[in-house]
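In: no FASTA, just this:
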């Protein structure tokens, strides 16, 4: 993973795509979602568009918190378990040879700063990551979280938003080469069986889970 904090990426022309109905902008919130769901979406910062939001929505902080917890738990298991399971030792295309010096928080902040995707994309990306980990049977660690995160956000933005940046731009955001970014995109798509649709109910349950995560920690920050 390349060093990328010294030179911010220059946005290229957006790629136009068809927006999918799951995006939680106020005019797209599904009627079947009740008042409680609407409150959760608002609390997580999923109502405003990216152009309006000046700071990362709460959902991003909670996703980072959840990822950090999972990584700590998984790495502790890998280090201490006497019975090595396949999921504890498997290496994928998303693994780095060494953990990047950039923290998950810093990486997410950079993605938010430059990707300009809608807030709901981060929830969908989180769901893609969860699907992938379960499908492949691999544990999330500090070695694979960065590549998996940038790839999942890119796919979510392409699937969700009217406009999104191309692979070359996301490669610059993520500190990857274009060849790496293209390869990771195809790998994630393949392992997800090219099924990128997320139902409104799955999205809603994920948001409630993130909100409960905040309640457990007693705060919305990391």
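Out: Arrived safely. Here the structure is a predicted model, which is why all the values come from computation and not from measurement.
In: Show the pLDDT at residue 208.
Out: For residue 208, the pLDDT comes out at 92.
In: same deal with residue 25?
Out: 38.
In: What of the one 4 residues further on?
Out: At residue 29 the predicted local distance difference test score is 40.
In: Over to residue 117?
Out: Predicted confidence (pLDDT) for residue 117: 92.
In: shouldn't it be in contact with residue 157?
Out: Yes: judged on CB atoms under 8 Å, residue 117 makes contact with residue 157 at a distance of 3.9 Å. For the C-beta atoms, the positions are set from N, CA and C on the backbone; glycine is no exception.
In: So what's the gap between the longest helix belonging to the chain and the chain middle?
Out: Criterion DSSP state H: the longest helix present in the chain is helix 58-80. Here the centre of helix 58-80 is set off from its chain's centre by 13 Å, with CA atoms, centre = their mean, to the nearest Å.
In: And for residue 91, the neighbour number?
Out: 10 (other CB atoms under 10 Å).
In: For stretch 44-57, measure first residue to last.
Out: Using CA to CA, to the nearest Å, one end of stretch 44-57 lies 6 Å from the other.
In: pLDDT of that stretch, averaged?
Out: Mean predicted lDDT for stretch 44-57 stands at 72.
In: Likewise for stretch 124-140?
Out: Rounded to a whole number, the mean pLDDT of stretch 124-140 is 96.
In: Name the residues of stretch 195-210 that come out as buried.
Out: Within stretch 195-210, the residues scored as buried using 16 or more other CB atoms under 10 Å are 196, 198, 203, 204, 206, 207, 210.
In: can you map out the helices along the protein?
Out: For the chain, the helices defined by DSSP H cover 35-43, 58-80, 86-89, 104-115, 120-136, 145-160, 167-174, 178-191, 200-217.
In: Identify whichever of those helices lies nearest to residue 97.
Out: Each of these has some distance to residue 97 by CB to CB; the shortest is helix 145-160, at 11.8 Å.
In: That closest one packs against which elements?
Out: In this structure, helix 145-160 packs against helix 58-80, helix 104-115, helix 120-136, strand 163-164, helix 167-174, helix 178-191, with contacts taken as 3 or more CB pairs under 8 Å, 6 or more residues apart in numbering; DSSP states H and E.
In: at 6 Å what do you get?
Out: Under the contact criterion of 3 or more CB pairs under 6 Å, 6 or more residues apart in numbering; DSSP states H and E, helix 145-160 touches helix 104-115, helix 120-136, helix 178-191.
In: Name the stretch among those that sits most buried.
Out: helix 120-136 (a mean of 22; mean count of other CB atoms under 10 Å).
In: and that helix, what does it pack onto?
Out: Looks like helix 120-136 contacts helix 58-80, helix 145-160, helix 178-191 (3+ CB pairs under 6 Å, 6+ apart).
In: Can you say which of these is packed in most?
Out: Of all those, helix 145-160 carries the top mean neighbour count, a mean of 25, counting by mean count of other CB under 10 Å.
In: OK, contacts around the most centrally placed residue in the chain?
Out: With distances taken as CA atoms, centre = their mean, residue 125 lies nearest the centre of the chain, 3.7 Å away. Residue 125 is in contact with 152, 153, 156, counting by CB atoms under 6 Å, 6 or more residues apart in numbering.
In: what do you get if the cut-off is 8 Å, keeping everything else the same?
Out: Residue 125 makes contacts with 149, 152, 153, 155, 156, as judged by CB atoms under 8 Å, 6 or more residues apart in numbering.
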